[in-house]
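Asker: Here is my input; please provide its structure:
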Amino acid sequence: MKNKKDLLEKFVEENRGHFDSHQPPENVWNEIAQSLSGKTKFLFLNTVIFWRAAAIVLFMISCYLLVDKFSPFTEQPDKTAWLGFTDLEKYYNEQISEKMALVSQYQAQTNLTEDEVTQNLKKLNAMYQVLKEEMKNRPTQDVRDALVLNLLVRIDLINQQLQKLDRPPVETKKQKDV
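Answerer: Purely as a prediction, here's the structure:
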């Protein structure tokens with residue numbers, strides 16, 4: 001490696017005069033300078049334009065998302081929300097009526113008073129009425145889903161009440177002693 005370096009240095013020293021004697025024409029340097037400076041400006045402008053455009057697009061997307069998130073009218077009325085709901089409501093209300101009749105009949109036979117489940121059912125019914133008014137004013141799929149969920153929860157509570165009433169009472173120690 002050192003040998004090659006020494007040979008190159010020796011060659012340059014011996015031929016220095018030949019290297020310095022020739023100069024390229026002036027127009028070659030001008031063309032090189034113009035081509036370099038033109039590409040640099042063009043690339044620089046392209047990157048600046050690109051970043052400006054990207055910033056504008058990002059700003060517009062951010063504004064859209066913020067307006068969409070905080071707008072009070074984000075949900076448009078859904079005309080299809082009512083489709084099939086009346087049939088579902090009728091079916092579930094029939095189920096609730098039948099099961100509530102069984103609960104009322106059993107409570108009348110055993111002289112039981114209203115318990116926590118019955119009170120919860122009344123609260124759910126009140127919430128259902130509020131949701132139904134909301135559905136009339138602004139029908140959306142979310143409100144429809146909330147109404148159906150309310151009906152399902154009421155049916156589940158009634159089923160739990162029926163299971164609780166069907167169980168034989170647990171005998172206490174005092175009852176066994178008598």
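Asker: Would you point out which residue is most central in the chain?
Answerer: residue 69 (11.3 Å; Cα atoms, centre = their mean).
Asker: quick one: pLDDT of it?
Answerer: Residue 69 is assigned 74 on the pLDDT scale.
Asker: Please name the residues that touch it.
Answerer: Under the criterion of Cβ atoms under 8 Å, 6 or more residues apart in numbering, residue 69 has no neighbours. For every residue, glycine as well, the C-beta is placed using N, CA and C.
Asker: Find the helix or strand that it is a member of.
Answerer: In the assignment (DSSP states H and E), residue 69 maps to helix 26-70.
Asker: ok, the residue nearest to the centre of the chain to residue 122 distance?
Answerer: Between residue 69 and residue 122 the distance is 36 Å, computed by Cβ to Cβ, to the nearest Å.
Asker: Residue 152 too?
Answerer: 17 Å.
Asker: re the thing from before, so what's the gap between the helix holding residue 69 and the chain middle?
Answerer: Counting by Cα atoms, centre = their mean, to the nearest Å, helix 26-70 is centred 34 Å from the centre of its parent chain.
Asker: Stretch 149-158 now?
Answerer: 27 Å.
Asker: and it, which residues are buried?
Answerer: Of all the residues in stretch 149-158, those buried under the rule 16 or more other Cβ atoms under 10 Å are 150-151, 154, 157-158.
Asker: pLDDT score for residue 145?
Answerer: Listed pLDDT for residue 145 reads 85.
Asker: where in the protein is pLDDT low?
Answerer: 1, 20-22, 37-46, 71-83, 110-115, 117, 167-178 (pLDDT under 70).
Asker: hey, where'd the helices end up in it?
Answerer: Ranges of helices in the chain, per DSSP state H, are 2-14, 16-21, 26-70, 85-110, 116-137, 141-166, 173-177.
Asker: Would you mind finding the most buried of these?
Answerer: Among those, ranked by average contacts under mean count of other Cβ atoms under 10 Å, first place goes to helix 141-166 (a mean of 15).
Asker: That helix to helix 116-137, inter-axis angle?
Answerer: Per axes from the mean of the first three to the mean of the last three Cα atoms, to 10 degrees, the angle that helix 141-166 makes with helix 116-137 is 160 degrees.
Asker: domain assignment for the protein?
Answerer: If the domains of the chain are taken from automatic domain parsing, they occupy 25-74, 79-168, with pieces of a single domain joined by a plus sign.
Asker: Just put these in TSV and tack on distance to residue 3.
Answerer: Converted to TSV, the domains of the chain look like this (distance: least, Cβ to Cβ, whole Å):
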stretch	distance to residue 3
domain 25-74	35
domain 79-168	84
